[in-house]
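Trainee: coordinates only, sequence not included:
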DNA sequence: TAGCGTATAGCCCTTTAGTACAGGGTATGG
DNA sequence: CCATACCCTGTACTAAAGGGCTATACGCTA
């Protein structure tokens, strides 16, 4: 038996279709909530202060909890999952997705959207990494010296510091940088630093 | 049509039961791999060097990839997912789980075990929520305007651009920036940009 | 040998960035 | 009412960044 906790007038259409005999209640306090296999909590039209409260009460029932939002975001997903939800999806998620969520939860799993999953992965995957740069990436057209100078800039070095550490003049540093700017299509050292650092997140 | 790439003599029993008409091949190079909806890669009895190779070739087929291991670990799961796998499970996973994985992947999702999911969550869920900053981080001592200007710099904007977009003079932009430099202990806009971007990886 | 790419660097110039000093205004709380 | 914090801006001024033009030197290749 599915239970949906929601402020809405009636259950969202996809949910209704997925669970024809599901029951919608207006608050988390109803006793019959305890009987359901899975609890669905619809955050739509709920104030921030209420969300926390309802979520907590829904969790008290010791049942797997799905949080639904009409304006889903990664931040909200993260927050809900941290608080104990086992799934997070759009309030109007497709019927097949709703059914799949039930399946996963009944097997003791979690369910989150692919995009969020990828974000999770990215957060955890800090070290080496999967994909090198695309082999035709403009960065690879930089010469050795240009790459050296660019990487130094990407660590926040000034031209003078770079010149000293590389045993060349400041003028030469500028020359390498100018060339790098052109090749990479950036305007100045700040944009270069951002670009380089966005690259070196993935590769070794 | 399910394709299983494996070194084993024959496909694991649960997999065989889940996909009676599934096909097992001995390497990732077979042309018929391209026809399958989902590719299953069994790491059992594979050397480390081969794993990388097979995985890469399996991924080349542009099909969702499930990695199966007879000695699964969180580390391996993380590694495989980072490399592009969309699911990771035990080689002898239950039939119902195998079927569920197919379902999830066919809907564009990822699948990982509950335990691993919880670990992911724990890694990300360091503390309360939106901002993972240490609450006493110097960044929080920046005033509203200083934060705005700093974030703009962190996206690569010039003082003139910031001034125009914020409807203030370039002089004021410089004032906010100078203050931000001092508070954050950085020398110039490049170092500021790097610092800001290193922060905003975790939160928001 | 001539040509090309790379690395180096001088001179000189313009544009940005950044700081020092000196204010003005508006809130807010004691 | 006053102190304080924030926001805004002006006039300098110095420092750094960036680029145009030119030139030398090296190694490689046609």
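Mentor: On my side now, so go ahead. What you are looking at is a predicted structure, and each value in this text was computed from that prediction instead of being measured.

Trainee: only C-alpha atoms for contact and neighbour calcs from this point on.
Mentor: Will do.

Trainee: what about the helices in chain A?
Mentor: A:13-18, A:48-59, A:74-83, A:95-106, A:114-124, A:144-154, A:159-166, A:170-184, A:189-199 (DSSP state H).

Trainee: from chain A, which residue is nearest to DNA strand C?
Mentor: residue A:168 (3.1 Å; C-alpha to the nearest atom of the strand).

Trainee: Model confidence for that residue, exactly?
Mentor: For residue A:168, the model assigns a pLDDT of 93.

Trainee: same question, residue A:136
Mentor: With respect to pLDDT, residue A:136 has a value of 67.

Trainee: Let's have the helices of chain A in CSV, adding distance to residue A:7 and mean neighbour count.
Mentor: Formatted as CSV, those follow (distance: least, C-alpha to C-alpha, whole Å; neighbours: other C-alpha atoms under 10 Å in any protein chain shown):
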stretch, distance to residue A:7, mean neighbour count
helix A:13-18, 14, 17
helix A:48-59, 11, 16
helix A:74-83, 18, 18
helix A:95-106, 19, 18
helix A:114-124, 26, 16
helix A:144-154, 50, 19
helix A:159-166, 60, 16
helix A:170-184, 52, 17
helix A:189-199, 42, 20
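
Trainee: Looking at those, which is nearest to residue B:90?
Mentor: With respect to residue B:90, and counting by C-alpha to C-alpha, the nearest of the helices of chain A is helix A:95-106 at 16.4 Å.

Trainee: coming back round to it: any idea which of the helices of chain A has the lowest pLDDT on average?
Mentor: Among those, helix A:48-59 scores lowest, at a mean of 68.

Trainee: which ones are touching the most far-flung residue of chain A relative to its centre?
Mentor: Most distant from the centre of chain A: residue A:169, at 44.3 Å, with distances by C-alpha atoms, centre = their mean. Contacts for residue A:169 (C-alpha atoms under 8 Å, 6 or more residues apart in numbering or on different chains) come out as residue A:163.

Trainee: Repeat that for residue A:22.
Mentor: Contacts for residue A:22 (C-alpha under 8 Å, 6+ apart) come out as A:1-4, A:16.

Trainee: what's the spacing between stretch A:98-111 and its chain's center?
Mentor: 20 Å (C-alpha atoms, centre = their mean, to the nearest Å).

Trainee: tell me the contacts of residue A:103?
Mentor: Contacts for residue A:103 (C-alpha under 8 Å, 6+ apart) come out as residue B:100.

Trainee: Let me see the domain layout of chain A.
Mentor: Following automatic domain parsing, chain A resolves into domains at A:2-124, A:138-199.

Trainee: Format those as JSON lines; extra columns: distance to residue B:64.
Mentor: Below are those laid out as JSON lines (distance: least, C-alpha to C-alpha, whole Å):
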{"stretch": "domain A:2-124", "distance to residue B:64": "12"}
{"stretch": "domain A:138-199", "distance to residue B:64": "25"}
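
Trainee: Quick one: closest of the ones you listed to residue B:95.
Mentor: If you check each of the domains of chain A against residue B:95 by C-alpha to C-alpha, domain A:2-124 wins as the nearest, at 12.0 Å.

Trainee: Now find how far off-centre the closest one is within its chain.
Mentor: 18 Å.

Trainee: And for stretch A:167-174?
Mentor: On C-alpha atoms, centre = their mean, the centre of stretch A:167-174 falls 42 Å from that of its chain.

Trainee: The residue nearest the centre of chain A and DNA strand D: what is the separation?
Mentor: Of all residues in chain A, the one closest to the mean position by C-alpha atoms, centre = their mean is residue A:119, 3.6 Å from it. Distance from residue A:119 to DNA strand D, counting by C-alpha to the nearest atom of the strand, to the nearest Å: 32 Å.

Trainee: can you check residue A:143 too?
Mentor: Here residue A:143 is placed at a distance of 14 Å from DNA strand D (C-alpha to the nearest atom of the strand).

Trainee: number of nearby residues for that residue?
Mentor: Neighbour count for residue A:143, taken as other C-alpha atoms under 10 Å in any protein chain shown: 13.

Trainee: what does chain A put close to DNA strand C?
Mentor: Within chain A, the positions lying close to DNA strand C (C-alpha under 7 Å from any atom of the strand) are A:143-146, A:167-172, A:175-176.

Trainee: Tell me the pLDDT of residue A:5.
Mentor: 85.

Trainee: bridging residues for it?
Mentor: Taking DSSP bridges as the rule, residue A:5 bridges to residue A:25, residue A:41.

Trainee: I figured it was touching residue A:38, is that so?
Mentor: No. Counting by C-alpha atoms under 8 Å, residue A:5 sits too far from residue A:38 to count as a contact (11.0 Å).

Trainee: who's in contact with the spatially closest residue to residue A:89 that is not a sequence neighbour?
Mentor: Nearest residue to residue A:89, sequence neighbours excluded (C-alpha to C-alpha, 6 or more residues apart in numbering or on different chains): residue A:68, at 5.0 Å. By C-alpha under 8 Å, 6+ apart, the contact list for residue A:68 reads A:40-44, A:88-91.

Trainee: Mind putting the residues you listed into CSV with neighbour count?
Mentor: Converted to CSV, these look like this (neighbours: other C-alpha atoms under 10 Å in any protein chain shown):
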residue, neighbour count
A:40, 24
A:41, 27
A:42, 26
A:43, 25
A:44, 17
A:88, 28
A:89, 23
A:90, 19
A:91, 23
